[in-house]
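Q: Fold the following.
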Amino acid sequence: MSHPTLTPRPSQLDRDAFVASYGDIYEHSPWVAELAWEAGLDAEQDSPAGLAAAMGEVLSRASAERQLEVIRAHPDLAGKAALAGELTDDSSREQAGAGLDQCSTEELARFERLNAAYKAKFGFPFVMAVKGNDRHAILAAFETRLDNDPAEERRTAVEQINRIALLRLEGRLG
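A: Numbers count the residues shown, from 1 in each chain. Sure thing, here's the model as predicted:
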């Protein structure tokens, strides 16, 4: 069974071209792409799943501090940056796809309260791969994850960021 192939093919790119093509997969964190390229890429990484696995491994093996940098690079869901139109193109599409641009005044206030409570507890924004979820499911996940301990929540955020990366790479197939 053949796998869909990314264009340009990651395994055929030099470092600069690879980072130019895939450095934006992880929000404001091109170092993930740089380290994935340095680890070596072959034809297996020419598919979204293969490249996501390689890049996800970089983030999963990174120090807690580097992981926190990537987590903190993510915007609040339905937060001030979204309302001000300051999100990356990927984040804007993802949040709109989950209906976060259609929140009622009450829902926006709830997101604001949850964002503040979450940041106060964990010191970083709530991150969730929102594709396939609606705002009600996202709010429910928000409340559930507030019960996690900080180490568990950092791991969960990294897993969600790696899922976002896979979805972004799949989206590049057209």
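Q: which secondary element of this protein has the worst mean pLDDT?
A: Each helix and strand of the chain was given a mean pLDDT (mean pLDDT, DSSP states H and E); the minimum falls on helix 80-83 at a mean of 75.
Q: Show me what it is in contact with.
A: Outside helix 80-83, the residues that touch it by C-beta atoms under 8 Å, 6 or more residues apart in numbering are 75-76, 87, 91-92, 95, 100-101, 108. In this view, the C-beta of every residue, glycine as well, is placed from N, C-alpha and C.
Q: Figure out how far it is from the centre of its chain.
A: When distances are taken as C-alpha atoms, centre = their mean, to the nearest Å, helix 80-83 is centred 17 Å away from the chain's centroid.
Q: Give me the buried stretch members for it, please.
A: By 16 or more other C-beta atoms under 10 Å, the buried positions in helix 80-83 come out as 81-82.
Q: by contact count, what packs against the top helix by length along the chain?
A: When the chain is parsed with DSSP state H, its longest helix is helix 150-171. Helices and strands touching helix 150-171, by 3 or more C-beta pairs under 8 Å, 6 or more residues apart in numbering; DSSP states H and E, are helix 48-61, helix 64-72, helix 89-97, helix 105-122.
Q: Run a quick neighbour tally on residue 40.
A: 9 (other C-beta atoms under 10 Å).
Q: Could you do residue 151 as well?
A: Counted with other C-beta under 10 Å, residue 151 comes out at 9.
Q: same thing with the one 4 residues further on?
A: By other C-beta under 10 Å, the residues close to residue 155 number 14.
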